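>>> Quick one, fold the following:
(3 chains)
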Amino acid sequence: VLAAVSATSDGPPERRFIGVAALGAAGPEDISFCNSERHAAALAATRAGAVVMAPGVGEPPPGCIAIRVRNPSLAFARIAELFHPRPHQPARHPTAVIDPRAQLAPDVAVGPYAVVGAGAEIGPGSSIGAHAVVGPGVVLGARCVLHPHACITNAICGDDVVLHAGARVGQEGFGFVPDERGDYVTMPQLGRVLLGSGVHVGANACVDRGALDDTVLGPGTRIDNLVQVGHNTVTGVGCIMAGQVGLSGSVTLEDRVTLGGQVGVADHIRVGRGARVAAQSGIMVDVPPGAEMLGSPAQPIKAAMRGIATLRRLADAGRKTRQDKS
Amino acid sequence: VLAAVSATSDGPPERRFIGVAALGAAGPEDISFCNSERHAAALAATRAGAVVMAPGVGEPPPGCIAIRVRNPSLAFARIAELFHPRPHQPARHPTAVIDPRAQLAPDVAVGPYAVVGAGAEIGPGSSIGAHAVVGPGVVLGARCVLHPHACITNAICGDDVVLHAGARVGQEGFGFVPDERGDYVTMPQLGRVLLGSGVHVGANACVDRGALDDTVLGPGTRIDNLVQVGHNTVTGVGCIMAGQVGLSGSVTLEDRVTLGGQVGVADHIRVGRGARVAAQSGIMVDVPPGAEMLGSPAQPIKAAMRGIATLRRLADAGRKTRQDKS
Amino acid sequence: VLAAVSATSDGPPERRFIGVAALGAAGPEDISFCNSERHAAALAATRAGAVVMAPGVGEPPPGCIAIRVRNPSLAFARIAELFHPRPHQPARHPTAVIDPRAQLAPDVAVGPYAVVGAGAEIGPGSSIGAHAVVGPGVVLGARCVLHPHACITNAICGDDVVLHAGARVGQEGFGFVPDERGDYVTMPQLGRVLLGSGVHVGANACVDRGALDDTVLGPGTRIDNLVQVGHNTVTGVGCIMAGQVGLSGSVTLEDRVTLGGQVGVADHIRVGRGARVAAQSGIMVDVPPGAEMLGSPAQPIKAAMRGIATLRRLADAGRKTRQDKS
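Numbering: from 1, shown residues only, chains lettered A, B, ... in the order given. Model (predicted):
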């Protein structure tokens, strides 16, 4: 364990651990984590066998090993990975409906009432939760996890893709044209969704299939709950979208773009590599690489802050003028 | 009935009623409700046996009893409760998959294709809808209702908790740390969700489990559809979150906070007791008790209104100057 | 085919086609679509038998017929309709739970684990996806499509209604009144949802049933993913709501109102015929017919743009003044 995280500790090297747990729930065979002085009381009372310690958060009780590392969060995440390559029970519930033309690796777990369509392919170590739906022809790589009620159609996925509960991937996007009378005729949505390895899609989030091209989420992209990704969106590597972000159609996010909660991005916009957009901002024009944006419509963060400060000053001045007159 | 709502009426005391219904749908054995002059025509035509009347909304037709009370909405809600302690059919559909190690009170109703995991405990009078999933070890108190497709894991609930269709409670939150190469490693999410008695969670809303601590929603807290509650959020008693509110991680709402639709709250923010936040506002700093906030970033409502008025005045002045010059 | 879209083409009239496909996926018996010079390479390489061409996007390869029309998007949408009156397999999966008191047209398709309640009526050509739930008494017209995990209760629908994956229609809205102690008592939600013909509801979107009156969406109204429609909302013909729009209670949208992504509308607001509201705007007061609105709170778009420009000018001026002083 220690080698994996380059840690030093004061404990005997032969101690055995079986898992990770919060300070209050951990037992002598668990490793826990303390990252804040707020947890001082829990730390003092913990029964954990060892604790990964952030600097300056105190001392564990006697008998508990302190694991001190430079990056405690990363160390704890890595230790957790060692213990939990995910609890994997390669069982197929008898109620799962698996089309005989689907190809599942022998150890794929399939929960109660899951449905797997014709021609779907699911890689080794993957797990399909209760009620999850894998549409015809969908490809999932190794170690993918579909949580309960997730639904994926018209999609090709790499390895280690995670869809949380109720995530919807690959449904038709929002496309239609008015006819001569103004009635809407649905545009065919013929593209796919391509999810790179390590993509996570949050609970009840939606990723629409492309209209003609594909919708593509680059490797390692992480999407929080209730996010909307419109058709033909393309993201680079490691993009982050916090809760309730909305991308309309044909948006391009270059590598490692971070969007705060409830951010909206207009259609056909390109956001440059490494740009960061503050929560609730609205992106209406292209954003250069590395920019930090704020506001609706969004501006570079310094300009947006100046605008906020200016308006507050003017409003206060107006109030004082009126008060002086009265 | 009248005693329960401290009402006076002009009807014979021996009348019998069997339920509540809208004016247009009610029959002679139903009690209906009229709270607006907009419904004058429906009131005149109703076949209801009695109508709870707001003041100044006219007279019911002959034979229909007028129930006049000080708080008609509350009275009607109470009467509805009397008739509908909820239609409860304590049947278990043969397709429900209930782990033999789960403990259900004898009268718990379980719908088609519902799944209840090992060690789950469900209290008397509760009802689990079609396709709902109750994860291993989840505890539900008395009279809880899971509507179709709701999903709850890693959670402990009091009595009278309601999850509407597609609500997701207890899934892993949005936590990860970059490693040396910038790739994201998932932080373990080890906490639970604790829902106090009377908590309602709206359709397709999401409440994430805590990372190390628990996510806690205080008794009587009501969450509308499509709301996102991030990990480690703690709310007091009777908080209200309207549709599409988003709370990022580790937010604290004290008792009886009200958040309007689409409000966003940044992480580690505390909102004081009884504060009210207008729709679409963005809370970036702590809010004192009783404050009324507006805007993104939010200000006290008077300051925000001054800012809006000031900007409109300046913009108009600029337009007139340009018009005068031309 | 050509007659249906009033097209002219240079191909032999006896060519046969079997479907539509994207340029890269199409074969000799498919018709494809090219609407942008961005697709020049895909156009040059396509194996499609024919391509509906927007003006100025180049020439198809030899042997591929160019279909030239005035409105290529509409033409392609119509051609797609000709080939895909939707793949309809009128099979009922043996795991579907259909109440014997439900009335389904003989050719209705019902997927695995779908649930249809007592008294429901489903019209010819309709299709109920895997895990979808049709509540007791719900009426669906002809050719309706419920995608997987959609859920509809307390609702009456016209023809050609589409609910995408995880859409929730007809659940109780957000209604309660505080009692004397401040505890919330649920107001009965007794209304229905009426969906006109051609209404589409996006993935994981929510449409609440009315409280006393009905929630009504007019014919042809199109709702994108993750939209919230509160109780008693009424829309006219052909309204459009982009992703994550939120309508609180008792909103009225007249015919052909368009709301951009993440727009919010306060309760009891009326938005006039043909009005257009820009993304992320917040509507707090009634909007006249034909207006174009922007901002939160929303203003007519010209006034809002003036406000944005004015603030930027003042903020810049303030910065220069401070720079000159230093």
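
>>> Quick one: name the residues of the stretch 1-150 of chain A near chain C.
For the stretch 1-150 of chain A, the contact set with chain C under CB under 8 Å from any CB of the partner chain comprises A:95, A:97, A:113, A:115, A:131, A:133, A:149. For every residue, glycine as well, the C-beta is placed using N, CA and C.

>>> got the end-to-end distance for stretch A:24-40?
For stretch A:24-40, the separation between the terminal residues is 11 Å (CA to CA, to the nearest Å).

>>> so what's residue A:270 up against?
By CB atoms under 8 Å, 6 or more residues apart in numbering or on different chains, the contact set of residue A:270 is A:251, A:252, A:254, A:286, A:287.

>>> Show me which of those is closest to chain B.
The closest of the contacts of residue A:270 to chain B turns out to be residue A:254 (CB to the nearest CB; 14.0 Å).

>>> and the contacts of residue A:270, which are buried?
A:251, A:252, A:254, A:287 (16 or more other CB atoms under 10 Å in any protein chain shown).

>>> Return the member of these nearest to residue A:51.
Distance ranking of the buried ones among the contacts of residue A:270 against residue A:51, using CB to CB, places residue A:254 first at 39.3 Å.

>>> Show the pLDDT at the closest one.
On pLDDT, residue A:254 comes in at 98.

>>> My read is that residue A:230 contacts residue C:244, right?
No. With contacts defined as CB atoms under 8 Å, residue A:230 does not count as touching residue C:244, sitting 10.6 Å away.

>>> just to revisit the earlier point, got the contacts of residue A:270 as TSV, with secondary structure columns?
TSV is the format used below for the contacts of residue A:270 (DSSP: H, G, I helix; E, B strand; the rest coil):
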residue	secondary structure
A:251	coil
A:252	strand
A:254	coil
A:286	coil
A:287	strand
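
>>> Which of the buried ones among the contacts of residue A:270 sits closest to chain C?
Taking the buried ones among the contacts of residue A:270 together and measuring to chain C by CB to the nearest CB, the closest member is residue A:251, at 11.2 Å.

>>> For residue C:274, see how far away that closest one is.
Between residue A:251 and residue C:274 the computed distance is 27 Å (CB to CB, to the nearest Å).

>>> Get me the contact residues on the stretch 201-326 of chain A for chain B.
Going by CB under 8 Å from any CB, the residues of the stretch 201-326 of chain A near chain B are A:202-204, A:220, A:222, A:224-226, A:238, A:242-244, A:256, A:261-262, A:279-280, A:296, A:308, A:311-312, A:314-316, A:318-319.

>>> Now, these that are in helices?
Using DSSP state H, the members of these that fall within helices are A:308, A:311, A:312, A:314, A:315, A:316, A:318, A:319.

>>> So what would you say the end-to-end distance of stretch A:106-119 is?
Start and end residues of stretch A:106-119 are separated by 16 Å (CA to CA).

>>> what do you get for stretch A:195-213?
End-to-end for stretch A:195-213, by CA to CA: 14 Å.

>>> close to chain C, is that stretch?
Yes. Looking at stretch A:195-213 against chain C by CB under 8 Å from any CB, the contacts come from A:204, A:206, A:208, A:212, A:213.

>>> Which ones among these lie within helices?
Per DSSP H, those never map to helices.

>>> now, the most widely separated pair of those?
A:204 and A:212 (27.1 Å).

>>> Give me the more crowded residue out of the two.
residue A:204 (31 against 25; other CB atoms under 10 Å in any protein chain shown).

>>> And for that one, nearest residue in space, chain neighbours not counted?
In space, and not counting its chain neighbours, residue A:204 is closest to residue A:166: 4.2 Å by CB to CB, 6 or more residues apart in numbering or on different chains.

>>> next one: residue A:197
residue A:158 (3.3 Å).

>>> Tell me the one of the residues of stretch A:195-213 next to chain C nearest residue A:267?
residue A:208 (12.4 Å).

>>> Against chain B, how distant is the closest one?
16 Å (CB to the nearest CB, to the nearest Å).

>>> Could you check the pLDDT of the residue nearest to that residue when sequence neighbours are not counted?
With sequence-adjacent residues excluded and distances taken as CB to CB, 6+ apart, residue A:208 is closest to residue A:173, at 3.6 Å. Per-residue pLDDT puts residue A:173 at 94.

>>> so which of the ones in helices among the residues of the stretch 201-326 of chain A next to chain B are also by chain C?
Contacts with chain C within these, as defined by CB under 8 Å from any CB: A:311, A:314.

>>> which of the ones in helices among the residues of the stretch 201-326 of chain A next to chain B are buried?
Counted by 16+ other CB under 10 Å, these give A:308, A:311, A:312, A:314, A:315, A:318 as buried.

>>> circling back: any chance of the buried ones among the contacts of residue A:270 in TSV, with distance to residue B:154 too?
Compiled in TSV, the buried ones among the contacts of residue A:270 are given as follows (distance: CB to CB, whole Å):
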residue	distance to residue B:154
A:251	34
A:252	37
A:254	36
A:287	38
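
>>> ok, so of the residues you listed, who is nearest residue B:145?
Using CB to CB, residue A:251 is the member of the buried ones among the contacts of residue A:270 that lies nearest residue B:145, at 39.0 Å.

>>> ok, the closest one touching residue A:264?
No. Assessed by CB under 8 Å, residue A:251 is found out of contact with residue A:264, at 10.1 Å.
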